[in-house]
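Colleague: A structural model of the following input is requested.
(chains A and B)
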Amino acid sequence: MRALEQRFGLDKPVWVQFTLYLINVFQWPPNFGISYLFYPTPVFDVIMQSLWWTVFLVGIPTVITAIIGIIVGVWTGKHPGSKTDTASVSISMILWSIPFFWLGLILLWVFAISLHWFPVSGAASGGVTASNPLQATDIGDVLWHAFLPMVTLVVATYAGYSLIMRNTMVGELSQDYILLARAKGLRENAVLFGHAARNAMLPMITLIGLNMGYVVSGAILVEIVFAYPGVGFLTYRAVLAHDYPLLQGLFFIVSVSVVAANYIADLVYAFLDPRIKY
Amino acid sequence: MQTEESATTASKSEFSPRRASAISGIIHSRRAQVGFGIITFFIVLAIAAPVVAPYSPYAFPAPGPPYSPPSSRFLLGTDYVGEDILSELIYGGRVSITVGIIVALLSTAFGTFIGIIAGYYMRTIDEILMRLTDIVLILPSLPLMIILAAYLGPSLQTVILVLTVTAWPAVARVVRSQTLSLRERPFVDSARVAGASDFRIIIKVLLPNLASIIAANAVLITEIAIGGEAALDFIGLGDISVVSWGTMLYWAQSYAPFNGAWWWVIAPGLCIVIVGLGFVLISVSIENVFNPKLRST
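Modeller: So this is what the prediction gives:
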């Protein structure tokens, strides 16, 4: 028992433990201690085995939803108050209220358990052997496993993008430069996409950054539903096993990633919009 | 729906800043009516649970056989021990809605306090409070909830505390930016010249002018909190012995799919969606009526 306490450093006073923790974290590779659940693998190694799966699972739906959201937003923002607009906004509000995990459960039920079109769990047939999706031998198989979780994420995050894009679009279209563009005799599509959408897309960049925290939260739930071996499912297992070093490490890595995503979004925004200075 | 949009446009142009007309603007918006209808229905159902529910959700022995599909005896079927799903839904709504409202009240109160203080006093106080707010704001909310709940142990109080901790920063941000613009208005200066103390200006002058934006945020937080409570329960970080929409889905996830009990999964999720939609509709209509950007003057 004493040997175990020493191994995990639990015999020292709390403030010493905390200082040691801080020193250990700011190294490369960061030392979060040893996982209880996957003893004796270091926490950092455990996390790295699942991190890229989550980046893959979150990244592709983020790009897809951003594109769909921008197109729908431009389309509906063109005539605010029209039937198409009202229908689209109403659908977005309903989608906004749907819990990620419930949608995932239903898709899992219908398409995996009942119809057998997609696998019920996991990221690859016969378990995951590669440490990231790019090293996987069978890309088709990986995509087949990721399909339902990705669809869930796309549907659940779509509402935010389309609503914000629509609202900024409505704002941009009432500006003077749009009137000028129309007066020049430009075709309507050139006005919409060449002028208004380009400006309305700027806030979308910030939104993609800000949304990262939300998408990561959603991904955790979706991974739990589909038993997808990413950071979210790992968090779930760490909670069940009371693996506190692993939980702390996960929280640290996820938070740093989200903060970094926001920072990058800010930099891109400043690069694209010369009016912004940092 | 065309009429609804033109109605809001009309109310925009003839908008007068008097509160009475603003409130009637909310009441006459179609979206708000639907929202209020949904929320009233569920709150009445929650209050009248013992009268309305056909069985007790904790009945022992359970009233029916396990996994019975919807029938005249069990309108929405039964779960894995034979409890009536409809009764569980009605009682579960009590927990989910109560948690949502408590979290909204707590986080709105705290966020408003921080936001007003930061916005009114500015400079150093503002800097300190806003850096603190930003730190909590930028942390991904669900991982933060999970790690807090994992340390505090699963219980209903934990869920409320954890949801409040993650919800207040957004309120503080909004209230602060509104306070910053309000405090430069002439009527705040005149109150100061008239000798009003800081406390009096905050309570009597700033707070009433912030009421609408605070209300819109509180309604939205209720929706977010109901979803968050369900998510935490679903992961097993809530009190799984209490029947709520989230714990229903927690049990359903483990038992329902492989026994074909689709009614057990559909019902609680649908309730979360409908109630959530109700709160979103109300919040959007409050914002539409009060948002200064939408006014023509």
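
Colleague: where exactly do the helices run in the stretch 101-250 of chain B?
Modeller: Secondary structure of the stretch 101-250 of chain B (DSSP state H, counting those that start in this stretch): helices at B:123-138, B:141-152, B:156-182, B:186-193, B:198-200, B:207-235, B:245-255.

Colleague: roughly how far apart are the closest residue to B:Leu106 other than its chain neighbours and A:Leu108?
Modeller: Sequence neighbours aside, B:Thr164 is the residue nearest to B:Leu106 in space, at 4.6 Å (criterion: C-beta to C-beta, 6 or more residues apart in numbering or on different chains). (Glycine included, C-beta is placed from N, CA and C.) Distance of B:Thr164 to A:Leu108, given as C-beta to C-beta, to the nearest Å: 31 Å.

Colleague: B:Phe110 too?
Modeller: 38 Å.

Colleague: Between these two, point out the one with more neighbours.
Modeller: The neighbour count for B:Phe110 versus A:Leu108, taken as other C-beta atoms under 10 Å in any protein chain shown, is higher for A:Leu108 (26 against 17).

Colleague: Contacts only, for the more buried one.
Modeller: A:Leu108 makes contact with A:Val120, A:Leu148, A:Val225, A:Phe226, B:Pro257, according to C-beta atoms under 8 Å, 6 or more residues apart in numbering or on different chains.

Colleague: surely A:Asp243 meets A:Ser35?
Modeller: Yes. At 5.8 Å, A:Asp243 counts as touching A:Ser35 under the criterion of C-beta atoms under 8 Å.

Colleague: which residue is nearest the middle of the chain?
Modeller: Just so you know, I chose chain A. Central residue of chain A (C-alpha atoms, centre = their mean): A:Val215, 3.4 Å from the mean position.

Colleague: if you could check chain B rather than the one you did, that'd help
Modeller: B:Thr222 (0.5 Å).

Colleague: Next one: it relative to chain A, how far apart?
Modeller: B:Thr222 sits 12 Å away from chain A, going by C-beta to the nearest C-beta, to the nearest Å.

Colleague: and that residue, what does it touch?
Modeller: With C-beta under 8 Å, 6+ apart, B:Thr222 has these contacts: B:Gly100, B:Ile101, B:Val103, B:Ala104, B:Phe279.

Colleague: re earlier: and the helices of the stretch 101-250 of chain B: which comes nearest A:Val231?
Modeller: helix B:141-152 (8.8 Å; C-beta to C-beta).

Colleague: what comes up buried for that closest one?
Modeller: Buried residues in helix B:141-152, counted by 16 or more other C-beta atoms under 10 Å in any protein chain shown: B:Ser141, B:Leu142, B:Pro143, B:Leu144, B:Met145, B:Ile146, B:Ile147, B:Leu148, B:Ala149, B:Ala150.

Colleague: Let me know the closest of the residues you listed to A:Trp53.
Modeller: Using C-beta to C-beta, the buried residues of helix B:141-152 come closest to A:Trp53 at B:Pro143, 16.3 Å.

Colleague: on that earlier part again, tabulate the helices of the stretch 101-250 of chain B (a markdown table), appending mean pLDDT and distance to A:Ser90.
Modeller: Listed next are these as a markdown table, based on pLDDT from 0 to 100; distance: least, C-beta to C-beta, whole Å:
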| stretch | mean pLDDT | distance to A:Ser90 |
| --- | --- | --- |
| helix B:123-138 | 86 | 29 |
| helix B:141-152 | 85 | 26 |
| helix B:156-182 | 88 | 24 |
| helix B:186-193 | 81 | 39 |
| helix B:198-200 | 81 | 44 |
| helix B:207-235 | 87 | 16 |
| helix B:245-255 | 84 | 23 |
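
Colleague: Redo these as CSV? Include distance to A:Tyr161.
Modeller: As requested, the helices of the stretch 101-250 of chain B are exported to CSV (distance: least, C-beta to C-beta, whole Å):
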stretch, distance to A:Tyr161
helix B:123-138, 20
helix B:141-152, 19
helix B:156-182, 19
helix B:186-193, 38
helix B:198-200, 42
helix B:207-235, 18
helix B:245-255, 26
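
Colleague: Tell me which of those helices lies nearest to A:Leu57.
Modeller: helix B:141-152 (15.0 Å).

Colleague: Which elements pack onto the closest one?
Modeller: Identification of packing neighbours for helix B:141-152 by 3 or more C-beta pairs under 8 Å, 6 or more residues apart in numbering or on different chains; DSSP states H and E yields helix A:197-226, helix A:231-240, helix A:244-272, helix B:156-182, helix B:207-235.

Colleague: Give me the contact list for it.
Modeller: With C-beta under 8 Å, 6+ apart, helix B:141-152 has contacts from A:213-214, A:216-218, A:220-221, A:235, A:238-239, A:242, A:244, A:247-248, A:250-251, A:254-255, B:136, B:158-159, B:161-163, B:165-166, B:228, B:231-232, B:235, B:237.

Colleague: got the contact list for the residue nearest to A:Asn31 when sequence neighbours are not counted?
Modeller: Excluding the flanking residues, the one nearest A:Asn31 by C-beta to C-beta, 6+ apart is A:Asn24, at 3.9 Å. Residues near A:Asn24 by C-beta under 8 Å, 6+ apart: A:Pro30, A:Asn31, A:Phe32, A:Gly33.

Colleague: Of these, which is the most crowded?
Modeller: Going by other C-beta under 10 Å, A:Phe32 tops the contacts of A:Asn24 with 24 neighbours.

Colleague: Look at that residue and give its secondary structure.
Modeller: Counting by DSSP: H, G, I helix; E, B strand; the rest coil, the backbone at A:Phe32 sits in coil.

Colleague: Identify the residue nearest B:Ile282 in space, chain neighbours excluded?
Modeller: Per C-beta to C-beta, 6+ apart, closest to B:Ile282 is B:Gly35, 3.9 Å.

Colleague: Closest one of the contacts of A:Leu108 to B:Ala170?
Modeller: Nearest to B:Ala170 among those, with distances taken as C-beta to C-beta, is A:Val225, at 26.6 Å.

Colleague: ok so, going back, how about the contacts made by the residue nearest to B:Leu106?
Modeller: Contact partners of B:Thr164, counting by C-beta under 8 Å, 6+ apart, are B:Val103, B:Leu106, B:Ser107, B:Phe110.

Colleague: Mind doing that once more with 10 Å?
Modeller: B:Ile102, B:Val103, B:Ala104, B:Leu105, B:Leu106, B:Ser107, B:Thr108, B:Ala109, B:Phe110, B:Gly111, B:Ile221, B:Ala225 (C-beta atoms under 10 Å, 6 or more residues apart in numbering or on different chains).

Colleague: circling back: what would the helices and strands packed on helix B:141-152 look like in JSON lines with distance to A:Trp144?
Modeller: Converted to JSON lines, the helices and strands packed on helix B:141-152 look like this (distance: least, C-beta to C-beta, whole Å):
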{"stretch": "helix A:197-226", "distance to A:Trp144": "12"}
{"stretch": "helix A:231-240", "distance to A:Trp144": "18"}
{"stretch": "helix A:244-272", "distance to A:Trp144": "26"}
{"stretch": "helix B:156-182", "distance to A:Trp144": "35"}
{"stretch": "helix B:207-235", "distance to A:Trp144": "26"}
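
Colleague: right, and these - which one's nearest B:Pro63?
Modeller: Here helix B:207-235 is closest among these (C-beta to C-beta), at 23.4 Å.

Colleague: what's the neighbour count on the residue nearest to A:Val225 when sequence neighbours are not counted?
Modeller: What sits nearest to A:Val225 in space, not counting adjacent residues and going by C-beta to C-beta, 6+ apart, is A:Gly104, at 3.8 Å. By other C-beta under 10 Å, 26 other residues sit near A:Gly104.

Colleague: From what I see, A:Gly104 and A:Phe226 are in contact.
Modeller: Yes. Counting by C-beta atoms under 10 Å, A:Phe226 is a contact partner of A:Gly104 at 6.4 Å.
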